[in-house]
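J.: Give the three-dimensional model of this entry:
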Amino acid sequence: IKYIKMKLDENERGALSRLMKVKDMMEKAQAAAEQM
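T.: Numbering: from 1, shown residues only. Got it, this is the predicted structure:
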């Protein structure tokens, strides 16, 4: 059971970091669009 929980935490961390990357990319794209 502990192993499954560890795996879940790992997946959540991966999803969270992906989400942050996407958010960062969106903000950069918006900033670039505003400069044009």
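J.: Give me the mean pLDDT for stretch 9-16.
T.: Average pLDDT, stretch 9-16: 92.
J.: CA atoms only: put that stretch into CSV for me.
T.: What follows is stretch 9-16, C-alpha atoms only, in CSV (Å, rounded to 0.1, in the frame of the first residue of the first chain):
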residue,chain,number,x,y,z
ASP,A,9,2.6,11.2,-5.1
GLU,A,10,5.1,10.8,-7.9
ASN,A,11,2.4,11.1,-10.6
GLU,A,12,0.9,14.1,-8.8
ARG,A,13,4.3,15.8,-8.8
GLY,A,14,4.8,15.1,-12.5
ALA,A,15,1.4,16.5,-13.3
LEU,A,16,2.0,19.5,-11.2
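J.: Give the buried residues for the one helix or strand N11 maps to.
T.: In the assignment (DSSP states H and E), N11 maps to helix 2-35. Using 16 or more other Cβ atoms under 10 Å as the test for burial, helix 2-35 gives no buried residues. Where you see a C-beta, it was placed from the backbone N, CA and C, and this is true even at glycine.
J.: starting at the chain centroid, how far to that helix?
T.: 0 Å (Cα atoms, centre = their mean, to the nearest Å).
J.: any idea how far K2 is from M36?
T.: Separation of K2 from M36 (Cβ to Cβ, to the nearest Å): 52 Å.
J.: next one: S17
T.: 29 Å.
J.: what do you get for A15?
T.: Distance from A15 to M36, by Cβ to Cβ: 32 Å.
J.: now do I4
T.: In terms of Cβ to Cβ, I4 sits 48 Å off from M36.
J.: same deal with Y3?
T.: As judged by Cβ to Cβ, Y3 and M36 stand 50 Å apart.
J.: same question, M26
T.: For M26, the distance to M36 - Cβ to Cβ - is 16 Å.
J.: ditto for N11
T.: Distance, N11 to M36, by Cβ to Cβ: 38 Å.
J.: now K21
T.: Distance from K21 to M36, by Cβ to Cβ: 23 Å.
J.: same question, M20
T.: According to Cβ to Cβ, M20 and M36 sit 25 Å apart.
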